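Colleague: Need a 3D model of the following:
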Amino acid sequence: MKITFEIADLANDKHKETVIELLDAYMRDGMGINAPMREELKEPMLEGLTKHQESFVLLAKEGENYVSLATCFYGFSTFSAQPLINIHDLIVLPMHRNKGIGKQVLRKVAQIGRENNCCKITLEVRSDNENAKALYKSEGFKDSEPPMHFWSKWLA
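Modeller: Residues are numbered from 1 along each chain as shown. Below is the predicted model:
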């Protein structure tokens, strides 16, 4: 199966609609929040991504259909003195899973990282998401050395 990639142009109405549809599918998923994207978040999310200069959204197409998305942010590793990429969201639509699309998306992000002199790719994964962990491990992802935990603190 031929997968093609596009970096989302968030000034393009079709791309905006696609990003919302794919993120909504991710949120509705059992490994998301099991609820649809709130209507009042759609425009601010698109606006925020547009303003965030160190982000890109990678869209994957199978034929004419968008089937996957990776929301990525550039960061900087002080320990390596090089940029890095953090994959914040990775979704493959349920009907397109187990076809190797996730692997292709991860490989494309890695290619973008190499082209931009990045030292690594980071991501978070739910501890109970065995399918995602298997995918990530198959592409060389593993616990950091030493292992790290992803912590958060809500500010509002």
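Colleague: Now do the contacts for the residue nearest the centre of the chain.
Modeller: The centre of the chain sits closest to residue 70, judged by Cα atoms, centre = their mean, with a distance of 2.6 Å. Residue 70 makes contact with 57-58, 60, 87, 89-90, 105-106, 108-109 under the criterion Cβ atoms under 8 Å, 6 or more residues apart in numbering. Just so you know, the C-beta spots here come from the backbone N, C-alpha and C atoms, and that holds for glycine as well.
Colleague: same thing but 7 Å
Modeller: Residues near residue 70 by Cβ atoms under 7 Å, 6 or more residues apart in numbering: 58, 87, 89-90, 105, 109.
Colleague: Over to residue 66?
Modeller: By Cβ under 7 Å, 6+ apart, the contact set of residue 66 is 18, 22, 59.
Colleague: Let's see that with 8 Å instead.
Modeller: 18, 21-22, 59-60.
Colleague: Can you list which of the contacts of residue 70 are found in helices?
Modeller: Using DSSP state H, 105, 109 are the members of these that sit in helices.
Colleague: Please identify, among the contacts of residue 70, the one with the most neighbours.
Modeller: Greatest neighbour count in the contacts of residue 70, by other Cβ atoms under 10 Å, goes to residue 105: 25 neighbours.
Colleague: Go through the helix or strand hosting residue 133 and flag the buried ones.
Modeller: If you go by DSSP states H and E, residue 133 is part of helix 130-138. Neighbour-count burial for helix 130-138 flags 132, 135-136 (criterion: 16 or more other Cβ atoms under 10 Å).
Colleague: again, but for stretch 77-86
Modeller: Going by neighbour count (16+ other Cβ under 10 Å), the buried part of stretch 77-86 is 83-86.
Colleague: Export only the CA atoms of the lengthiest strand in the chain, formatted as CSV.
Modeller: Identified as the longest strand of the chain according to DSSP state E is strand 65-77. The C-alpha coordinates for strand 65-77 follow below in CSV (Å, rounded to 0.1, in the frame of the first residue of the first chain):
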residue,chain,number,x,y,z
ASN,A,65,-7.9,9.5,2.1
TYR,A,66,-6.2,10.9,5.1
VAL,A,67,-5.6,8.0,7.5
SER,A,68,-3.0,9.1,10.0
LEU,A,69,-1.6,12.2,11.8
ALA,A,70,1.4,13.0,13.9
THR,A,71,1.5,16.3,15.8
CYS,A,72,5.2,17.1,16.4
PHE,A,73,7.1,19.7,18.3
TYR,A,74,10.8,20.6,18.0
GLY,A,75,12.6,20.9,21.3
PHE,A,76,16.3,21.1,22.3
SER,A,77,18.4,18.6,24.1
